[in-house]
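Visitor: Based on what follows, work out the 3D shape:
(4 chains, ligands or ions: 6)
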Amino acid sequence: MATKQHTEQSFPTLDVKLKPFQLRSDKNPDWCPGCGDFGIVNAIQQAVSELQLQPWKVEFFAGIGCSGKSAQYLQAYGIHTLHGRVLPYALGAKIANPNNVVIATGGDGDGYGIGAGHFMHAGRRNVDITYIVFDNEVYGLTKGQASPTLEVGMQPKSLALPHISQAINPLALAIASGYTFVARSYAFDAKHLKQTIMDAINHRGVSLVDVHQPCPTYNDLHPKEYYTETVNSGQSELPRLQYLEETGYNGFVEDATNLEAYQAKKIAAIAEAYKLTDRVVLGTYWKVSLPTYADRLETNIPLLREYAPMDVPFHDDNFIANTDLSSACEEFVV
Amino acid sequence: MATKQHTEQSFPTLDVKLKPFQLRSDKNPDWCPGCGDFGIVNAIQQAVSELQLQPWKVEFFAGIGCSGKSAQYLQAYGIHTLHGRVLPYALGAKIANPNNVVIATGGDGDGYGIGAGHFMHAGRRNVDITYIVFDNEVYGLTKGQASPTLEVGMQPKSLALPHISQAINPLALAIASGYTFVARSYAFDAKHLKQTIMDAINHRGVSLVDVHQPCPTYNDLHPKEYYTETVNSGQSELPRLQYLEETGYNGFVEDATNLEAYQAKKIAAIAEAYKLTDRVVLGTYWKVSLPTYADRLETNIPLLREYAPMDVPFHDDNFIANTDLSSACEEFVV
Amino acid sequence: MSRITETSWMIGGPQGSGVDSSATLFARAMAVAGFWVYGKREYHSNIKGKHSYFQIRASHDVVRSHIDPIHMLATFEDSTAVIHAHEILPEGALIYDPGLTKPEVLEMDASVKLFPLDYEGIIRELAEEEGKPAAKLAIVKNTISVAASLALYGVGVDVLEEALKGLFHGKKSKLVAINLKAGIKAYEAIKAIAHAQDFKYQMQEQPNKPASESRLLMNGAAACGIGKLKAGMRFQTYYSITPAVDECIYLEQHSEYGIVVYQAEDEIASINMANGAAVTGARVATATSGPGFCLKAEGIGWAGMNEVPTVIFNYMRGGPSTGLPTRSEQGDLLFAVNIGHGDFPKIVLSPGDMEECFEDGFNCFNFAERYQTPVIVLVDKALANSTQSIKKFADQGLRVDRGKRVTKVDSYDPADPSTGLPKFPRFQITEDGISPRPIPGTPGGIHFLTGDEHTEYGFITEEPAVRMQMMEKRARKLVTAANEIPEHLQFKVYGPENADLTIIGWGSTKGAVLDALDRFAEAGKSVNYLHIRLMSPFPVDAITRILNNAKQRLIIESNFTNQLAKLIRQETGIDIEHKAVKYTGRPFSQCEILEAVKEVQEKQSRKVVLINGH
Amino acid sequence: MSRITETSWMIGGPQGSGVDSSATLFARAMAVAGFWVYGKREYHSNIKGKHSYFQIRASHDVVRSHIDPIHMLATFEDSTAVIHAHEILPEGALIYDPGLTKPEVLEMDASVKLFPLDYEGIIRELAEEEGKPAAKLAIVKNTISVAASLALYGVGVDVLEEALKGLFHGKKSKLVAINLKAGIKAYEAIKAIAHAQDFKYQMQEQPNKPASESRLLMNGAAACGIGKLKAGMRFQTYYSITPAVDECIYLEQHSEYGIVVYQAEDEIASINMANGAAVTGARVATATSGPGFCLKAEGIGWAGMNEVPTVIFNYMRGGPSTGLPTRSEQGDLLFAVNIGHGDFPKIVLSPGDMEECFEDGFNCFNFAERYQTPVIVLVDKALANSTQSIKKFADQGLRVDRGKRVTKVDSYDPADPSTGLPKFPRFQITEDGISPRPIPGTPGGIHFLTGDEHTEYGFITEEPAVRMQMMEKRARKLVTAANEIPEHLQFKVYGPENADLTIIGWGSTKGAVLDALDRFAEAGKSVNYLHIRLMSPFPVDAITRILNNAKQRLIIESNFTNQLAKLIRQETGIDIEHKAVKYTGRPFSQCEILEAVKEVQEKQSRKVVLINGH
Ligand SMILES: Cc1ncc(C[n+]2csc(CCOP(=O)(O)OP(=O)(O)O)c2C)c(N)n1
Ligand SMILES: Cc1ncc(C[n+]2csc(CCOP(=O)(O)OP(=O)(O)O)c2C)c(N)n1
Ligand code: SF4
Ligand code: SF4
Ligand SMILES: [Mg+2]
Ligand SMILES: [Mg+2]
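Guide: Residues are numbered from 1 along each chain as shown, chains lettered A, B, ... in the order given. Ligands and ions are numbered 1, 2, ... in the order given. Okay, here's the model as predicted:
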């Protein structure tokens, strides 16, 4: 794989650009009207189209939840996994066969709730996958219980009592856990979301895109209107949505070998993620080029320079197993 | 509980100060000679002695690992739980019965490896427990595999190949996850460790003490000598161990209602946790007074102002169940 | 015109459109009218839009199951009629919106009577009267369907008001008036249709009307929750999952009882938090369903090893894996009985109706504390989500058994702790296998717990002799439990003794079988029913005796591999010769029980597969 | 003086003091001398300090188990003699350090011969000769014990050098010389003791010496690993746990094969990563033990539902819960067979010796891919951690079966993707239950996977009819597997036909029983052995036939509740009338099999509980 040394991906691509609708499966989504999930899946389809990926080389993993159903709607190998386990599936698939493009998706409950341990550890490995979280502050499919991104004291209409656990900040946690690309976008900002997903797919390493997603059915705190409303800044009315690049902030690490600068930038990115604001700030908070897990594996297992793990040969043309066991047995011979 | 409004604990105490050896059970530790675990358990015994806690009011939870065995050595109710699950046990116990002092301990593999999800979520709840992690960078009891605090590229003598996952920074993650007291100490710095543990127990809310712990058997990267060695600072030889208060840094939040200041301090604490240095900096990186889970529960369930959950009465003196079901049944009556 | 004493009614529509509350309103109205009702709900794993339906059976006598055909189908959009019209009995009724549904194209019996209902017109009229936009009133559609149905059944409109008051109470009570208005309009609209008078399936008035407020319109999930409340459960952990979440939300809404309902980060935290809380002496449970139950295996083993009284409710839905998350199955029996590695005692119960849900919800804590071991309660979704009118629970005089709790250790003087802190022999070897149990906080009770094998004091040991004593001690508890647990909580035989055919079943199947027994009795057929509730320790001797004495045996269960039959064979060696299964995720109807028995008695079928229901 | 042809030797000492390598050295030396050896290791869940011991049996014939009494006990510190001296046979030998051990105080047979060995003196002498501090040479103690033992057995000192070379190779080869020197000194020191000449249990030279380098001194964990290597496993996930970790570390050390051995953050990640990798078409396994196996239940169900060929090795240790983490048990059988909620097909294998470990390690992937379902392999710790000299594996000509893999879809032209991207019917309904399976990356193979019930294309469905077809299809695979899996991989009967007594067993019990069969044959007793390897699908017909034809039946297993007996009864209805169990966490010795048979034949005991071993 010649691309391995590159900091950006290159995949075998199609000669034609498929229309997004050609990347839709023939299953109709059964989300509630107005659900942000429609926007996210559209953006994914557009990104796949734009990147001219070969659909049969795309593995689209999803967790369990309203969001998880998206695995069925993209015209690609779709794998609807278990609640909270989408990252292990995606990682296993990518490590075994690095030749496919791996996209993982799931809800905030799925990823940051039951999946929190995998979420953190995925940062440590830097396997080259893209993880898109549908963040609606609730457990949609089980009827609106609080997810880990719901702020303490809040009570969306689905809760019997106000929420008494603190929220997490997924961006800050991702940066602290070692993700090498961390961005926030919004389900109905089609342009920004598509571009962010493309950037995330292009990034070599593990990338997180946390997507704010209205859940009109259970979350009345942040409906679509919330995002289109303006915010009074004291002097003027500003749109709710703000783009990170407009603020002058730049979260891209130029040279990861300069440890001081790298560390400073990391702190700045975390600070940016925590910034107090009434606006919703979209953009890429953090991006750094570090060796991927596959890169590191090769140093320990030189054979993997030549083969994807699943392709290391083990039988002849007649399907007779032809692995030579002598080195494995050496220490036991008497 | 009159103490509930206080920012520091007060427990019913003994009139006498037990000698630390009186707080030892009659089971002898079976750790390897020179293991840092000896130092940590000693310090815990000293802290319990110093605070004059009633031993029968102490619940000492532990995970599984070399570290986990400590549950047997303290003269208190000791609960050796499951690998990675010490926090759920401790939380369940404290929520059900807030009248006991709950100390949770475990290894770095236990807490940050398999337990990472619980570790993060415990920060969100702020249940009033103290969590002490025995951090030796390896999985001791299963013979020295890498733990999540082992830096990438390292190869302690127990590993067949260099380690290829990045390490986490437990302090930064704890702060980001919502822990309200976060400190680092060292197994053989008896004085600092004892004091830190006392501070952590006194803190109302969830506290983390990450304790560097030599594992002479498997971890030859950071033996005892590493901590007693001096570090060349360019100009002079400095002791490896440094104390946070010496540096002028102060991680205590005075007023958590001042959001700007609170947030700034939080970023500063995370930055401090990430600071690049050859020294090992011990101290309390972060401390803030926020409502505990019990405080918040009371607002939703007023009965808990009067009773600990487990003490809410449900039977008469003759053990006849006397809960009046009418309000529970009201909606069903026809 | 002769009227009927029992009817089967259905309403359907997209999820989120109020099918559920319509059905509840109808059930309440029929209950207010003095009937006994049973309701079954079917829905997709979807929030809005997919087809769901609710079937209600109302009768002069107690009913505990549904039948497949329906007398009346109430619809307010077009898909329900398309899907269900063929289920309407000859001369039954279809209520529909003529603007949406074209009866000509429906596949149904030609004799079905049509009752077009001008939903839009009624709402428009109402909107004008109220001075509100019609769009805001769309929700009264549900009441319109119900009122129309009542009119057709010949049930007085007065019951509607009372039913509405029951449904909309507290903050919602202001909704009663507007719904009532809409209902009355619909009622009159139906009465105005000429052939409504001749509708064949009008309900005869109930002569033995139960006293008002004497019954509960209950579902299994709430019945379990109420049992737990009565038992003094003070902590329940869960992680959201269908259908277990229903019980949890129900309990959470009743914060007046002081119960902490804790939504944990996952099911592993849930079971282990429950264990931690149980260690402290709280009565605690965790509730889940299949996928989450999988994640509790390790924690259940810890409770078994440490003799900690943790209660686990597993609401069984369609498996394997994510399966059919909103459908029912009795598919977790063998997994539950064998859950966790290694050998340890566990008690496994499975209730079969609302009363048993309440009983087991109460008793499970007594068993857990008395036998100091985890108790698993298996409730199938069909039971959890079904509605039934029942007599109020007999909740007086119930005894709380906290087992061998030690609250004071006399030999120890906490005022003088310097005399040393003796260890307490928490795992003392006893004849009945049960050891004294102090809880943390008790002076002099200090001991250790560990998932490792341990000594009397709880210290880790690998000594073969101690290991053996402990394994044997723990196992003895189950023998003690098997001897002590009252027989009627273990199993029960319903129907005639020495019947020609004995049906064996468990869980929600009970309702359909008991209803079928009534029919067999009417038809002069001799059939009885062995209902098994205690799965571990299995009542080996009694079941062996009953099965050996049975003339012909048919086991009926909702799973693919006949798990109870396997368990019975494992425990008794008996291979039940006739088996009926259903694995569509839909519960048995009374009709299917009749069908299975017919197949067995007429054709001697070894295996009957049932498939009814959409 | 007559010499013996078989011996039982033991060495003990604190963990971390080299007991393990001493035993390996001794075993190698005896193997070099031409004997067949079997070694069993017992250790605490502790890193340093607690007592551990290793028992080696060496014989002219193949040996597969240990016997309880020992001919010779080699010690280099004081605790081992205190614990084990009573196990030495009359006129056996005790080798000890006279500075540490006082034989007078030991509880042992008066006729035991004493061989004091001046460890310190030898090391001091060596230190002087080498010019090294004595403290740095302490480790040669191990070789000293072994050399002394060889001397006493009358085995030539020459084998020591070769054994040392086998043990210390590569970077460690420089250790050979110094150890050899120490060994020779010890050898001579023993020879210098007058009564060494008269030692009763000297070994007769092996007349049929196997060719050198023709055998492997193997343990079960490595044998499994080697089977997997041969099978082309390319990915193994694990989370550290005793004793599964041994196989993982072994594989990791052989990075030359290109296998990714991935230490995940927990067992849940391990199983689900394995599933993810298996989806892509890699041959993948995950390895664990009881507590971790619990955490895999949900993931195994997903693989079952999605027909994904994931392999799970569960190394069984003492349960329940953390239990006896470094001891052995056959306690996870019923849990494994029933793991996961709902009904789905799984294949469960359990190997009984090194060759079966290799075979199952190879075949499990063929089965997983052919039947597209998870395969669980149960290996007891006794087998995983035991050492045995065996003939080299017959690893030529083994056939790889990748099942119905689809590598090309002719009807689809990837060059023209705009023609639409048809779905592939991954879950096509077929007669044998197995559907064609393209892997991601295959143009035209696009389909979906979901743990929910699904259509042929993998779309979620809740349609009852499709649900039924899919349940039936999946179940058919197990029928196909039961018909196709060769009989010798399912079970095997050893020993005479129509024996008076049939022993039934599984897993590592095989070794002790086969060794016992030799004794029965010698004693003219007619006993045979039914060894069961395939637990699911259970070979119902064959086992029923064999058991029904057996005259008297005794089942022997290492667990408390006789899990295999339960499984057999569940599947066949047969209640095996005699049962022997052991639940100390220690494996069966050959002697215990003899004892159990004696109890049964002489006293007709229904239940025999065995307890030997420390
Ligand atoms: C192990 C397990 N626990 C619980 C569930 C039930 N469950 C299904 S979806 C869901 C939550 C979904 O919330 P989220 O991940 O935020 O997705 P959303 O529906 O909001 O898109 C849960 C808890 C499950 N399927 N598996
Ligand atoms: C579910 C489960 N998985 C794995 C294990 C095996 N195990 C025992 S101790 C241990 C690791 C201990 O490492 P750490 O937590 O760092 O503690 P240490 O021994 O280093 O103190 C593991 C993986 C287990 N007991 N349970
Ligand atoms: S419940 Fe919320 S997240 Fe789920 S489909 Fe409906 S709107 Fe979307
Ligand atoms: S292995 Fe390491 S952590 Fe464990 S007891 Fe030994 S020194 Fe301590
Ligand atoms: Mg969500
Ligand atoms: Mg550790």
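Visitor: Can you pull the poorly scored residue ranges out of chain C?
Guide: C:1, C:418-420 (pLDDT under 70).
Visitor: Could you pick out the longest helix of it?
Guide: helix C:464-484 (DSSP state H).
Visitor: Let me know whether stretch A:70-82 sits next to ligand 5.
Guide: No. Stretch A:70-82 stays clear of ligand 5 (CB under 5 Å from the ion), getting no nearer than 12.4 Å. (Glycine included, C-beta is placed from N, CA and C.)
Visitor: which secondary structure element contains C:Met535?
Guide: C:Met535 is part of strand C:534-536 when elements are defined by DSSP states H and E.
Visitor: what about the very next helix or strand once past that strand, distance to the chain center?
Guide: Moving toward the C-terminus from strand C:534-536, the next helix or strand (DSSP H and E) is helix C:540-549. Centroid separation for helix C:540-549 versus its chain: 27 Å, with CA atoms, centre = their mean, to the nearest Å.
Visitor: Show me what helix C:540-549 packs onto, helices and strands only.
Guide: strand C:491-494, strand C:501-505, strand C:527-532, helix C:563-572 (3 or more CB pairs under 8 Å, 6 or more residues apart in numbering or on different chains; DSSP states H and E).
Visitor: Quick one: name the residues of chain C near chain A.
Guide: Residues of chain C found near chain A (CB under 8 Å from any CB of the partner chain) are C:16, C:44-50, C:239-242, C:245, C:249, C:252-253, C:255, C:263, C:265-267, C:291, C:321-322.
Visitor: Intersect those with the contacts of chain D.
Guide: Answer for these near chain D (CB under 8 Å from any CB): C:His44, C:Ser45, C:Pro291, C:Ser321, C:Thr322.
Visitor: got CSV for the residues you listed, with secondary structure too?
Guide: As requested, those are exported to CSV (DSSP: H, G, I helix; E, B strand; the rest coil):
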residue, secondary structure
C:His44, coil
C:Ser45, coil
C:Pro291, helix
C:Ser321, coil
C:Thr322, coil
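Visitor: just to revisit the earlier point, can you give me the offset of the strand holding C:Met535 from its chain's centre?
Guide: Distance of strand C:534-536 from its chain centroid, counting by CA atoms, centre = their mean, is 17 Å.
Visitor: Work out the gap between the longest helix of chain C and the centre of the chain.
Guide: 33 Å.
Visitor: now the strands for the stretch 51-200 of chain A?
Guide: A:58-62, A:77-80, A:101-107, A:130-135, A:138-139, A:145-146, A:181-186 (DSSP state E, counting those that start in this stretch).
Visitor: Of all those strands, which one comes closest to chain D?
Guide: The closest of those to chain D is strand A:77-80. By CB to the nearest CB, the value is 3.6 Å.
Visitor: one step back: is it possible to get JSON lines of the helices and strands packed on helix C:540-549 that adds mean neighbour count and distance to D:Thr544?
Guide: Converted to JSON lines, the helices and strands packed on helix C:540-549 look like this (neighbours: other CB atoms under 10 Å in any protein chain shown; distance: least, CB to CB, whole Å):
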{"stretch": "strand C:491-494", "mean neighbour count": "16", "distance to D:Thr544": "29"}
{"stretch": "strand C:501-505", "mean neighbour count": "25", "distance to D:Thr544": "23"}
{"stretch": "strand C:527-532", "mean neighbour count": "23", "distance to D:Thr544": "26"}
{"stretch": "helix C:563-572", "mean neighbour count": "22", "distance to D:Thr544": "13"}
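Visitor: Ok, which of these comes nearest C:His86?
Guide: strand C:501-505 (28.8 Å; CB to CB).
Visitor: What lies in contact with that closest one?
Guide: If you take CB atoms under 8 Å, 6 or more residues apart in numbering or on different chains as the criterion, strand C:501-505 is touched by C:352, C:513, C:525-532, C:546-547, C:550-557, C:564-565, C:568, C:576, C:593, C:597, C:600-601.
Visitor: can you rerun that using 7 Å?
Guide: Contact with strand C:501-505 is made by C:513, C:527-532, C:550-557, C:576, C:597, C:601, as judged by CB atoms under 7 Å, 6 or more residues apart in numbering or on different chains.
Visitor: Check stretch C:63-71 too.
Guide: Applying CB under 7 Å, 6+ apart, the contact partners of stretch C:63-71 are C:7-10, C:36-38, C:40, C:55, C:57, C:87-89, C:92-93, C:201, C:353, C:388, C:511-512, C:514-515, C:589-591, C:612-613.
Visitor: next one: stretch C:228-246 to chain centre, how far?
Guide: So, by CA atoms, centre = their mean, the centroid of stretch C:228-246 is 14 Å from its chain's centroid.
Visitor: when you scan it, is anything in it near ligand 3?
Guide: No. Judged by CB under 6 Å from any ligand atom, stretch C:228-246 makes no contact with ligand 3; its nearest approach is 12.7 Å.
Visitor: Is ligand 5 within reach of that stretch?
Guide: No. For stretch C:228-246, no contact with ligand 5 is found by CB under 5 Å from the ion; the gap never falls below 10.5 Å.
Visitor: Likewise for stretch C:40-58?
Guide: No. Judged by CB under 5 Å from the ion, stretch C:40-58 makes no contact with ligand 5; its nearest approach is 11.5 Å.
Visitor: which stretches of the stretch 51-200 of chain A have low pLDDT?
Guide: Within the stretch 51-200 of chain A, no stretch has pLDDT under 70.
Visitor: on that earlier part again, helices or strands next to the strand holding C:Met535 in the packing?
Guide: Under the contact definition 3 or more CB pairs under 7 Å, 6 or more residues apart in numbering or on different chains; DSSP states H and E, strand C:534-536 sits against helix C:333-337, strand C:347-349.
Visitor: ok, back up a step: dump the ones next to chain D among the residues of chain C next to chain A to a markdown table, plus distance to D:Arg215.
Guide: What follows is these, written out as a markdown table (distance: CB to CB, whole Å):
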| residue | distance to D:Arg215 |
| --- | --- |
| C:His44 | 62 |
| C:Ser45 | 58 |
| C:Pro291 | 48 |
| C:Ser321 | 45 |
| C:Thr322 | 50 |
